[in-house]
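Colleague: What would the 3D arrangement of this be:
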Amino acid sequence: MASLRKASKTNARTYRERSQPSSRSHLGFLEKKKDYKERAEDFQKKQNTLKRLKRKALSRNPDEFYFNMVKTQKVDGVHQEREETEPSHTEAELKLMFSQDQKYVTMKRTSELNKIERLKSNLHLVDNDTVPKNKHIVFVDSAREVKEFDAAKHFGTHPSLVNRRYNRPTLESLKKMEIRGNLNKGDLEAVSKEKQQRYRELVKRIQREKDLHVIQQKMEMKKHLMEKKEKRTKLEEETKTSAPVYRWRHKRKR
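Modeller: Numbers count the residues shown, from 1 in each chain. Now for the predicted structure:
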């Protein structure tokens, strides 16, 4: 049992690497095993990279042509792209192209605003959640009348139209339209489904108009930066929902 107790790992002494002796402190930090592993892994990684590049260079076709062969030049042994002597577009051409993009964004935003107004005029926002829920209170004289109260009879309409907040025709108007009797429940569900679809479309168009408005503001600020060459100070950074804010130095005009 004594031999087993000596061999158990629980009683074994933990391995600790020695530190740099004081007599050799002038030689610097003593490398530990973990430092050697990091250095060895880095060395092996670099050697593998060199082998891969040599293999790639040996397998390359010497007659193969790359455009970077004529578009780059060596500076201190490093390939660098040559700067174009003349810009591909003049400043006036860039401003013209940018103004065309800005007009397109403005046109799309105006189109979205017109479609939003058209949807609002058709829907009237009658069942929107943002509209406060109004209550129609009916006063009666006794508790018996409360129990026997019939809303359809009181308002003179069909029972399936009582809960509607708008377009609740009476029985007389239904007679004139020759649709008195059992209303088709499927038609009412189809109308309600179409109404919800219109509201979802309205929400999407409102969000699209907001995004276009942010893009328009950013493009307007970029246009000011292209036109004004005076010194400026950035007050706010550009975000996903807002354009950057700059302040130009006031220059007195004579």
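Colleague: just the strands in the stretch 151-254 of the chain please.
Modeller: 232-236, 245-248 (DSSP state E, counting those that start in this stretch).
Colleague: of all these, which gets the most neighbours per residue?
Modeller: Among the strands of the stretch 151-254 of the chain, ranked by average contacts under mean count of other C-beta atoms under 10 Å, first place goes to strand 245-248 (a mean of 12). To be clear about C-beta, it is placed using only N, CA and C from the backbone, and glycine gets the same treatment.
Colleague: closest one to N114 among the strands of the stretch 151-254 of the chain?
Modeller: With C-beta to C-beta as the criterion, N114 lies closest to strand 245-248 of these, at 29.6 Å.
Colleague: just how off-centre is the longest helix seen in the chain within its chain?
Modeller: Longest helix in the chain by number of residues (criterion: DSSP state H): helix 185-227. How far helix 185-227 lies from its chain's middle: 15 Å, per C-alpha atoms, centre = their mean, to the nearest Å.
Colleague: Same check on stretch 236-245?
Modeller: Distance, centroid of stretch 236-245 to centroid of chain: 14 Å (C-alpha atoms, centre = their mean).
Colleague: which other residues reach that stretch?
Modeller: Stretch 236-245 is contacted by residues 214, 217-218, 220-221, 234-235 when judged by C-beta atoms under 8 Å, 6 or more residues apart in numbering.
Colleague: Buried ones only from the residues you listed, please, as a PyMOL command.
Modeller: Buried residues within those, by 16 or more other C-beta atoms under 10 Å, are selected in PyMOL with:
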select buried, resi 218
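Colleague: Which strands or helices does the longest helix of the chain pack on?
Modeller: Using 3 or more C-beta pairs under 8 Å, 6 or more residues apart in numbering; DSSP states H and E, the elements in contact with helix 185-227 are helix 91-123, strand 245-248.
Colleague: in this protein, which helix or strand is least confident?
Modeller: In the chain, the helix or strand scored least confidently by mean pLDDT, DSSP states H and E is helix 2-7, which has a mean of 64.
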